[in-house]
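Asks: Any chance you can model this:
(one chain, ligands or ions: 2)
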Amino acid sequence: MDRYFLGIDASTQSLTLILIDYNEGEILYKDSVNYDKDLPQYHTQNGTIPNEDEKIVHSNPLMWIDALEMAFERFKGSGFDLIQVSAISGSGQQHGTVYLDTTFPDILANLDPKKSLSSQIRNSLSRETSPIWMDSSTNNQCEEIRKALGGRARTIEITGSDTFERFSGPQIRKFWQEDKSAYQRTDTIHLVSSFISSILVGKNAPIDHGDGAGMNLMNIETRKWDQRALDATAPNLKNKLPSLTLSHTIVGTISPYFIQKYGFSPKLKVVAWSGDNPNSLIGVGLISKGKVAISLGTSDTYFGYLKNLKVDPKGEGHVFGAPTGDYMSLICYKNGSLAREKIKDVFGLDWDSFSKILVKSKPGNEGKIMLPYFFPEIVPLVLKPQVYRFGFDENDISANIRGIIEAQVLSMRLHSQWIAEHPQEIYATGGASANKEILQIIANVFGVNVKKFDIPDSAALGAAMRAAKSYYTPEEPKLSWEDIAMKFVDKHTINIIHPNMDLHEMYNDLLLLYEKCEDFVLRNKEDPEPLRKEFMVKYFE
Ligand code: ADP
Ligand code: XUL
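Replies: Ligands and ions are numbered 1, 2, ... in the order given. Below you'll find the predicted structure:
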């Protein structure tokens, strides 16, 4: 008893549930509900609602809770007695907002287990859909808020990040500007994480410091709502936001709805949910300096643990609260898996054949360089998607495949330089970390070992580990993050990919060339062609 903990990750394309046995350090059960496939009634594409305007990306909050019920239903059907679970926590795709009216608390307090959650909560939504992190339609609002806060440097100093199109504050401002009466009807604005945890505890749950930092609304030092940021965003906003809390807080026990419907214990503790990146930080065991993780999910993210607060002066990266109570750095790329899929699909390949072509192509791509902005990009900021190719065209299979992967990894190295510490090793996670060829390129570009886990779902695992830590801490205050990481993470590293240091030297040169290409296309700087010719002569003639 007291050994089973649940972690749930409500992410962009799917909802994953993981059950851990703390005593054995094992994952006992794992399941994923894929929104497009398992909930076709919502007509999503990659978990989002198709929109003619590619800058507008929303999803359906009711779909997330239907996915939650489907996951619980299947879990119950697996034969495991759910009464044995001691604590649960979770992870949500970051930045996405859910808008609820005054009826929400009452509906939550009186949920009828004979009906579905979605049919009951539907009536509380003051906005039918939720803008998510892929939305890039709030450039004007970003400028307005940044200006009101006194410019980029001040905005970064106050909130830990420059204003970003996908961040909740600019999204809330746009909603207020476009639909004032719906904004007025809105009583509470939740993040994906706090929305689902509210449903689990049957009352409004707080937002944790990890996810709160992704809103441009929380003061990154005091970890309280910042009145200047609230005023710059929308009127009366403080009254519409839940409170903020430490990530390890137990926010309540499970609501009777879940006890009656699925057989959970009335004692089941719900630990504050957080964002997927803060959860992954724990799920890959990044609890000390020098370690960095790359998550290759729908988004690609590069993140690391920070003992002390440190911001990116250029404003491309972010600082969030870490679940350990410290900080974390994060850089997020929108052209992650879906951009890789574009190349894979246009040539009619599966991942196996994609990898075979990748491994046969020459490192350095014979000087062929891609800037892969298939979708609007976050880092560097590109609002109008366009793919740039230097030295090849869209028909060259091999150059396109190597081109996109090298570009994505070089961009990570280029735009993570503000973190200053060069990583000593990189942990790889997310769906595409299954691809060893991609991980080899990461090892070569960064010149360090890449560790790959047999569990790509680090966000759900991190959530389950957080649930265990919060559950045990009152009785065993000495239980450290290291103890938990040893039990789950170290045991599950299955592959260490070593860098080829000769190729690393070549990639140091290619990094300079890549930067020149970016400067040329995005900042009107000098033509990179002479340097590209030099690079080709040096390495390929
Ligand atoms: P999220 O949690 O953001 O919903 P995941 O971490 O589950 O996403 O990753 C899903 C993505 O993983 C898919 O979009 C797919 O493109 C990618 N993927 C799965 N297997 C491979 C592979 N072998 N090589 C490259 N990408 C892969
Ligand atoms: C992070 C970000 C994404 C989402 C979805 O800032 O926008 O990584 O959390 O995974």
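
Asks: The residue lying closest to Ser416 once chain neighbours are set aside: what secondary structure?
Replies: Counting by C-beta to C-beta, 6 or more residues apart in numbering, Ser416 lies nearest to Tyr302, which is 5.2 Å off, once chain neighbours are set aside. Every C-beta, even on glycine, is put in place using the N, C-alpha and C of the backbone. Taken by DSSP: H, G, I helix; E, B strand; the rest coil, the conformation at Tyr302 corresponds to strand.

Asks: For Tyr302, which residues count as its bridge partners?
Replies: Ile294, Ile331 (DSSP bridges).

Asks: Just give the number of residues close to it.
Replies: Using other C-beta atoms under 10 Å, Tyr302 is surrounded by 26 other residues.

Asks: Can you name the residue of the stretch 351-500 of the chain nearest ligand 2?
Replies: With C-beta to the nearest ligand atom as the measure, Ile378 is the residue of the stretch 351-500 of the chain nearest to ligand 2, at 7.3 Å.

Asks: so that residue sits right up against Tyr333, yeah?
Replies: Yes: counting by C-beta atoms under 8 Å, Ile378 does reach Tyr333; the two are 6.2 Å apart.

Asks: How about the residues of the protein by ligand 2?
Replies: Residues of the chain that fall close to ligand 2, judged by C-beta under 6 Å from any ligand atom: 11-12, 93-95, 133, 166, 214, 275-277, 297, 299, 301, 330, 332.

Asks: one more time with 8 Å
Replies: 11-12, 92-95, 132-134, 164, 166, 214, 275-277, 295, 297-299, 301, 318, 330, 332, 334, 378 (C-beta under 8 Å from any ligand atom).

Asks: Just those: which are in strands?
Replies: Gly92, Gly275, Ser295, Thr301, His318, Leu330, Cys332 (DSSP state E).

Asks: Wait, the third one touches Ala432, no?
Replies: Read that as Ser295. No: with contact defined as C-beta under 8 Å, Ser295 does not count as touching Ala432 (9.1 Å).

Asks: Name the residue in these two with the higher neighbour count.
Replies: Ser295 (29 against 23).

Asks: check contacts around that one.
Replies: Asn277, Ser280, Thr301, Phe303, Ala428, Thr429, Gly430, Ser433, Ser458 (C-beta atoms under 8 Å, 6 or more residues apart in numbering).

Asks: which sections of the stretch 401-541 of the chain are below the confidence cut-off?
Replies: Applying pLDDT under 70 to the stretch 401-541 of the chain flags the ranges 420, 475-477.

Asks: now Lys344: how far from ligand 2?
Replies: 20 Å (C-beta to the nearest ligand atom, to the nearest Å).

Asks: which secondary element of this structure has the worst mean pLDDT?
Replies: Of all helical and strand segments in the chain, the minimum by mean pLDDT, DSSP states H and E falls on strand 493-497, at a mean of 84.

Asks: can you tell me if it touches ligand 1.
Replies: No: on the criterion C-beta under 8 Å from any ligand atom, strand 493-497 is out of touch with ligand 1, staying 13.7 Å away.

Asks: Residues in contact with that strand: which ones?
Replies: Residues from elsewhere that reach strand 493-497 (C-beta under 8 Å, 6+ apart): Lys436, Leu439, Gln440, Ile442, Ala443, Asn449, Val450, Lys451, Lys452, Phe453, Asp454.

Asks: Can you say which of these are buried?
Replies: Buried subset of the contacts of strand 493-497 (neighbour count, 16 or more other C-beta atoms under 10 Å): Leu439, Gln440, Ile442, Ala443, Val450, Lys451, Lys452, Phe453.

Asks: Out of the residues you listed, which comes closest to Ala205?
Replies: Phe453 (29.3 Å; C-beta to C-beta).

Asks: give me the beta-bridge partners of that closest one?
Replies: Thr493.

Asks: distance of it from ligand 1?
Replies: 12 Å.

Asks: Please narrow the contacts of strand 493-497 to those residing in strands.
Replies: Per DSSP E, the contacts of strand 493-497 map to strands at Asn449, Val450, Lys451, Lys452, Phe453.

Asks: Distance of the residue of the stretch 151-300 of the chain found nearest ligand 2 relative to Tyr388?
Replies: Using C-beta to the nearest ligand atom, Ser299 is the residue of the stretch 151-300 of the chain that sits closest to ligand 2, at 3.9 Å. According to C-beta to C-beta, to the nearest Å, Ser299 and Tyr388 sit 21 Å apart.

Asks: Which one's more surrounded, the two?
Replies: Neighbour tally, Ser299 and Tyr388, criterion other C-beta under 10 Å: the higher count belongs to Ser299, 24 against 16.

Asks: quick one: contacts for the spatially closest residue to Arg532 that is not a sequence neighbour?
Replies: Leaving aside its sequence neighbours, Arg532 sits nearest to Gly367 (C-beta to C-beta, 6+ apart; 5.4 Å). Gly367 makes contact with Phe390, Gly391, Leu513, Arg532, Lys533, Phe535, Met536, Tyr539, Phe540, according to C-beta under 8 Å, 6+ apart.

Asks: try Thr163
Replies: Contacts of Thr163 (C-beta under 8 Å, 6+ apart): Gln141, Cys142, Glu143, Ile145, Arg146, Thr155, Gly169, Pro170, Asn216.

Asks: Give me the buried subset of those.
Replies: Buried among these (16+ other C-beta under 10 Å): Gln141, Cys142, Ile145, Arg146, Thr155, Gly169, Pro170, Asn216.

Asks: from these, which two are the most distant?
Replies: So, the buried ones among the contacts of Thr163 by C-beta to C-beta: farthest apart are Gln141 and Thr155, at 12.6 Å.

Asks: picking up where we left off before, ChimeraX command for the buried members of the contacts of Gly367?
Replies: Restricted to buried positions by 16+ other C-beta under 10 Å, the ChimeraX selection for those reads:
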select :390,391,513,532,535,536,539
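
Asks: Adding secondary structure, write the contacts of Gly367 out as CSV.
Replies: CSV is the format used below for the contacts of Gly367 (three-state DSSP):
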residue, secondary structure
Phe390, strand
Gly391, coil
Leu513, helix
Arg532, helix
Lys533, helix
Phe535, helix
Met536, helix
Tyr539, helix
Phe540, helix
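
Asks: Give me the distance between the two termini of stretch 40-58.
Replies: 16 Å (C-alpha to C-alpha, to the nearest Å).

Asks: circling back: show me which pair in the contacts of Gly367 is furthest apart.
Replies: Most distant of these, by C-beta to C-beta, are Phe390 and Tyr539, 15.0 Å apart.

Asks: before we move on, back to that, tell me the buried residues in the least confident helix or strand of the chain?
Replies: Neighbour-count burial for strand 493-497 [16+ other C-beta under 10 Å]: Ile497.

Asks: Can I get that strand as PDB, trimmed to CA atoms?
Replies: Extracted C-alpha coordinates of strand 493-497, given in PDB (Å, rounded to 0.1, in the frame of the first residue of the first chain):
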ATOM      1  CA  THR A 493      18.400   5.200 -19.300                       C
ATOM      2  CA  ILE A 494      18.800   2.600 -22.000                       C
ATOM      3  CA  ASN A 495      21.100   4.100 -24.500                       C
ATOM      4  CA  ILE A 496      24.000   6.500 -24.400                       C
ATOM      5  CA  ILE A 497      24.900   8.000 -27.700                       C
END
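
Asks: quick check: angle from that strand to strand 449-453?
Replies: Counting by axes from the mean of the first three to the mean of the last three C-alpha atoms, to 10 degrees, strand 493-497 points 150 degrees away from the direction of strand 449-453.
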